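[1] Have a look; sequence and predicted model below, questions after that.
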Amino acid sequence: GMKALYEADSFLSYSCEVAGEKGSANYFGLDGLRREFRREAANEEEVSERIDRGFEALKWLGVGNKFGEAIYQSLAPRQKTPTIEFSVGDILYHKEFGWRGVVYGWSEQCEMDEDWLRKNNALDKKGHPFYNLLCNDGKFRY
């Protein structure tokens, strides 16, 4: 679930390419991406690479749309348990990294796998509540 959202966010934030420059879909905009995909290819290999990139972008946009729907559904009222400290709509500030985010959902305990927990130095937080955040830098965080 959340791992796919982070992969989609990463691809759409950093891996779109126009004229050899990598960036986000928002940076290039729909017109920039459209021009790139309509540009004449230099050879068959480039055609194949661009088709593959296009299909990958569509895959991640589909994942993003699924999560957009999940965010929308998460805004429906839901009973909090005593372990859930923050509510949907609360704004949190990360003291160490300096970003702010609005809570759009929560889970009773982390839904990520051991590998994610290890990479994020969160193995000791596995049984604790985790919050879904949309942050001021445009990233989704968990």
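    Happy to help now that I have it.
[2] any idea how far the residue of the chain positioned farthest from its centre is from residue 55?
    Counting by CA atoms, centre = their mean, the extreme residue of the chain relative to its mean C-alpha position is residue 43, 33.2 Å from that point. Using CB to CB, to the nearest Å, one gets 19 Å for the distance from residue 43 to residue 55. (C-beta placed from N, C-alpha, C; glycine too.)
[3] Grab the nearest non-local neighbour of residue 9.
    Using CB to CB, 6 or more residues apart in numbering and skipping residues adjacent in sequence, the residue nearest residue 9 is residue 140, 5.4 Å away.
[4] surely the one you found meets residue 133?
    Yes: here residue 140 reaches residue 133: they are 7.0 Å apart, a contact under CB atoms under 8 Å.
[5] Neighbour count for these two, which is higher?
    residue 133 (23 against 19; other CB atoms under 10 Å).
[6] For stretch 72-90, buried residues please.
    Residues residue 88 are the ones in stretch 72-90 that count as buried (16 or more other CB atoms under 10 Å).
[7] now that stretch: mean pLDDT?
    Stretch 72-90 comes out with an average pLDDT of 82.
[8] Can we start the residue count at 738 from this point?
    I'll keep to 738 as the first residue from here, and by that count the last item is stretch 809-827.
[9] hey, C-alpha coordinates of it in CSV?
    The C-alpha coordinates for stretch 809-827 follow below in CSV (Å, rounded to 0.1, in the frame of the first residue of the first chain):
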residue,chain,number,x,y,z
TYR,A,809,-10.6,11.0,-0.2
GLN,A,810,-12.1,7.9,1.5
SER,A,811,-9.8,8.4,4.6
LEU,A,812,-11.4,11.8,5.2
ALA,A,813,-14.7,10.1,6.1
PRO,A,814,-15.2,10.3,9.9
ARG,A,815,-13.7,7.3,11.7
GLN,A,816,-13.5,6.5,15.4
LYS,A,817,-10.1,7.1,16.9
THR,A,818,-8.7,4.8,19.5
PRO,A,819,-6.8,6.2,22.6
THR,A,820,-3.4,5.5,21.0
ILE,A,821,-4.1,7.9,18.0
GLU,A,822,-2.9,11.3,19.2
PHE,A,823,-3.5,13.4,16.0
SER,A,824,-6.7,13.9,14.0
VAL,A,825,-7.3,14.3,10.2
GLY,A,826,-6.6,18.0,9.5
ASP,A,827,-4.0,18.5,12.3
